[in-house]
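Could you work out the structure for the sequence below:
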Amino acid sequence: GMILSGGMNRGGGGAEDGADGSTFLFDVMPYQYAGCYDGYDDDGPESFYSVYGEVFEEIFQGEKDGFISEGNIDLEDMTNFDLSEVHMGNSTSKWEDVLAFYNTWEGFTSCLSFAWVDVYHFDDIREAPSRRIRRLMEDDNKKKRKGAKKERVGEVCALLRFVKKRDPRVKIQREKSLREQTMKEVERKKEAVQRKKDIAVAKEEWRAEAERTMAEQETADLNAGRIRLADLDSDDDYDYGGGKRGRKKKGKKRGKGKKGGKNNAIEKEADLQNDIDDIDNTNGMEQDETIKDEIGVDQDEDEKKDETHTLLNAEDDVKNEEIDAEANVDDELGNEVANLDLASSGESSEEEEEEEPTSWRCEICRKDFKSLKQFENHLRSKKHKEMVKKNEKKMKKFKEEAEKEALRDMIDDLDDEE
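Numbers count the residues shown, from 1 in each chain. Presented below is the predicted three-dimensional model:
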């Protein structure tokens, strides 16, 4: 049964005589072993819920009695009055109520003064020989009270941990939370795997679409007879798709073909100069109306295909830069060749006057326009200017490579003449 350690004697006296306020402290030690209850029935008098429900009620009742015995009247002034608002309950209690019960008691602190543990009582302090001695006595009493209160709080919290560990409602909730957490983790992993699969499928679809678009564009270009600037004057070293057929490596030839070497240099100089003139006037090039009709592609679709084609054929453009380098020489190189008595061959044909075109084409961006206004707007666009800058960088690189190549040819010719 439930017992109190001592009676309710509040007659005062020293701590050594046993008749003190410690009688308000319910002894919790006998209830910290599993044999003190029998089963987990909701209504059984010896069940888990009944036994510990009464134990915690007795602990709080001792707090109330001690608080009143110390001269207090209003119980709401108790520092632990919130303990009266929670109850042990049983297996049918809501989890919110069970959680509130344990959270409240886990913050337990006694409202009792623990004056019965004082070493020096009122008469002793009053008869102290000096004020300093009285203060030392009072300080010693405070330490004793603080220690006793801490010990009491520890006993109640230890009992609470014992009960909570064996409460089936807590076990059920813990298992439920663990299952939910495990399910969330499994779901998160599934979502991560699915995201990876979706990304892989999207990449494959994009690749297939890009390849299809590139193939269609190449077919349309070939059917229209359209070629890229990179393919001009390449001596058929490269296919349209960028495949290398077998370019012959240049080498020095000594003692042979002196005359032929000069003729080749002259022809090369003329071809290079003509190519430079053609590239400098790309903004004025015109597209034949018949070719335009065969293409039959509007501006937006052509722009999308060109961008995809340019992206996937970047490697081809890099390879073709070597050929373009041979097709660009600046005016200074022309003067040096002239000083070596290499006369320019071929006469530039006079520009033929043509009628106003029905379509305009930007060869740098590889786009056709149905009206002059569209063409002019394109020339002012940011995208066109970026392409022009890229083209200028390529031209600069081509010229540098061509200078080096031409200088090597001139050295070869000089060696041959010697």
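
any idea how far residue 110 lies from residue 32?
18 Å (CB to CB, to the nearest Å). Every residue, glycine included, has its C-beta placed from N, CA and C.

Among those two, which residue is more densely surrounded?
Ranked by neighbour count (other CB atoms under 10 Å), residue 110 and residue 32 place residue 110 first, with 23 against 13.

The more buried one contacts residue 150, doesn't it?
No - contact criterion CB atoms under 8 Å: residue 110 and residue 150 do not qualify, at 9.5 Å.

which residues do the two both contact?
Listed contacts common to residue 110 and residue 150 are nil; contacts here mean CB atoms under 8 Å, 6 or more residues apart in numbering.

Which residue ranges of the protein form strands?
Ranges of strands in the chain, per DSSP state E, are 360-362, 367-369.

winner for burial among the ones you listed?
Burial of those is given as mean neighbour count (mean count of other CB atoms under 10 Å); strand 360-362 ranks first at a mean of 21.

That one - contacts with which helices or strands?
Counting contacts by 3 or more CB pairs under 8 Å, 6 or more residues apart in numbering; DSSP states H and E, strand 360-362 packs against strand 367-369, helix 372-379.

State the distance from the nearest residue to residue 112 once chain neighbours are set aside to residue 77.
Nearest residue to residue 112 in three dimensions, chain neighbours excluded: residue 66, at 4.4 Å (CB to CB, 6 or more residues apart in numbering). To residue 77, residue 66 is 13 Å away according to CB to CB.

Neighbour count: those two, which is higher?
residue 66 (24 against 10).

wait, isn't that one in contact with residue 115?
No - shown here, residue 66 and residue 115 do not form a contact pair, counting by CB under 8 Å, at 10.1 Å.

circling back: which one of the helices and strands packed on strand 360-362 is the most hemmed in?
Comparing these by mean neighbour count (mean count of other CB under 10 Å), strand 367-369 comes out on top with a mean of 18.

What pairs with it, parallel or antiparallel?
strand 360-362 (antiparallel) (DSSP bridges).

Please work out the average pLDDT along the partner strand.
Taken as a whole, strand 360-362 has an average pLDDT of 87.

now stretch 369-385
Here the average pLDDT along stretch 369-385 is 88.

Restrict that stretch to CA atoms and write it as CSV.
The C-alpha coordinates for stretch 369-385 follow below in CSV (Å, rounded to 0.1, in the frame of the first residue of the first chain):
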residue,chain,number,x,y,z
PHE,A,369,15.8,37.1,-93.8
LYS,A,370,12.8,37.9,-95.9
SER,A,371,13.1,41.7,-95.7
LEU,A,372,15.9,44.3,-95.5
LYS,A,373,14.4,45.6,-92.2
GLN,A,374,14.7,42.2,-90.6
PHE,A,375,18.3,41.9,-91.9
GLU,A,376,19.2,45.4,-90.5
ASN,A,377,17.7,44.6,-87.1
HIS,A,378,19.7,41.4,-87.0
LEU,A,379,22.9,43.3,-87.7
ARG,A,380,22.2,45.5,-84.7
SER,A,381,21.4,42.5,-82.4
LYS,A,382,23.6,41.5,-79.6
LYS,A,383,23.9,37.9,-80.8
HIS,A,384,25.1,39.0,-84.2
LYS,A,385,27.8,41.3,-82.7
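
report the longest helix in the chain, please.
Using DSSP state H, we find that the single longest helix of the chain is helix 168-223.

who does it touch, helix- and strand-wise?
helix 95-106, helix 299-312.

at 10 Å instead, please
When contacts are defined as 3 or more CB pairs under 10 Å, 6 or more residues apart in numbering; DSSP states H and E, helix 168-223 sits against helix 48-69, helix 95-106, helix 131-166, helix 289-295, helix 299-312.

Turn those helices into TSV, including distance to residue 365.
Output for the helices and strands packed on helix 168-223, formatted as TSV (distance: least, CB to CB, whole Å):
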stretch	distance to residue 365
helix 48-69	84
helix 95-106	69
helix 131-166	76
helix 289-295	15
helix 299-312	7
